[in-house]
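# whatever this is, show me its structure:
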Amino acid sequence: MSKSFFIFTFLVFPLLTYAQNPVNPPCDGSIIQLKNVDGILFDKKCDILYEGYDNRMNLSIQEIEEAEIELIKQINNTLASDTRVKGNFQIKNPVRHFKKYKRQYFGYIDDVNQDKIVFINLLNFSGIGTPKRFKDWKEYFTIGFGEFYEKRTANYLYNLNTKTILIP
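From the prediction side, this is the model:
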């Protein structure tokens, strides 16, 4: 019994999980190229498994540009006012800091206030092995857990109605 459990757990199971395909089919997004920004916009047809963001909407380039401008302007105030951010963390030069990040965007309508929201997913491509981990970033919305994702991803929400940046 213990020998077959060991063989299945350490030899067979890892091979089965390694070969699995992503849950959703690839999404055909629109490439976004702005000053200092490379990204992909997922429209409302793309199936993104992210709980609480079901009421999807399409975004315009102007809404993306507005969100990016406000992210740069408001990031330090947002970080200072969020109790989940430890210490007095400030980004000295937000434009330079965020330049190494590629973006994934999608829009949704908040269920509570009916506000239009831009979800900005930042993926830091610097670092050894990072491009391999993010190889499908233009086709799949990228989220994850653990040290790698904690250090190389960040999420922000931009409320188009109140003109504010939030941390989800």
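# tell me the confidence at the nearest residue to residue 154 once chain neighbours are set aside?
The shortest distance from residue 154 to any non-neighbouring residue, by Cβ to Cβ, 6 or more residues apart in numbering, is to residue 122 (4.4 Å). For every residue, glycine as well, the C-beta is placed using N, CA and C. At residue 122 the predicted local distance difference test score is 95.
# which phi and psi does residue 122 have?
As for residue 122, its main-chain torsions (degrees, to the nearest 10) stand at phi -100, psi 130.
# that one reaches residue 151, doesn't it?
No - using Cβ atoms under 8 Å as the test, residue 122 is too far from residue 151 to be in contact (11.8 Å).
# any idea what residue 155 is bridged to?
Counting by DSSP bridges, residue 155 forms beta bridges with residue 121.
# need the helices for the protein, in chain order.
Assignment of helices within the chain using DSSP state H yields the ranges 2-7, 13-18, 61-81, 94-99, 130-133, 147-152.
# about what we covered before: in contact with the residue nearest to residue 154, which residues?
98, 101, 102, 103, 153, 154, 155, 156 (Cβ atoms under 8 Å, 6 or more residues apart in numbering).
# any idea how far the closest residue to the last one other than its chain neighbours is from residue 128?
The spatially closest residue to residue 156, leaving aside those adjacent along the chain, is residue 120, at 4.7 Å (Cβ to Cβ, 6+ apart). Distance check for residue 120 against residue 128: by Cβ to Cβ, to the nearest Å, it reads 25 Å.
# so between those two, which is more surrounded?
The residue with more neighbours, out of residue 120 and residue 128, is residue 120; 23 against 6, by other Cβ atoms under 10 Å.
# tell me the contacts of that one?
67, 68, 71, 103, 104, 105, 155, 156, 157, 158.
# the fifth one: neighbouring residues, count only.
What it means is residue 104. There are 26 residues near residue 104, going by other Cβ under 10 Å.
# distance of it from residue 27?
Per Cβ to Cβ, residue 104 is found 10 Å from residue 27.
# what do these two both touch?
In contact with both residue 104 and residue 27: 42, 141, using Cβ under 8 Å, 6+ apart.
# give me the distance between residue 27 and residue 114.
Counting by Cβ to Cβ, the gap from residue 27 to residue 114 is 25 Å.
# more neighbours: these two, which one.
Legend: neighbour count by other Cβ under 10 Å for residue 27 and residue 114, higher for residue 27 (19 against 9).
# just the pLDDT for the closest residue to that one other than its chain neighbours.
In space, and not counting its chain neighbours, residue 27 is closest to residue 46: 3.7 Å by Cβ to Cβ, 6+ apart. Predicted confidence (pLDDT) for residue 46: 83.
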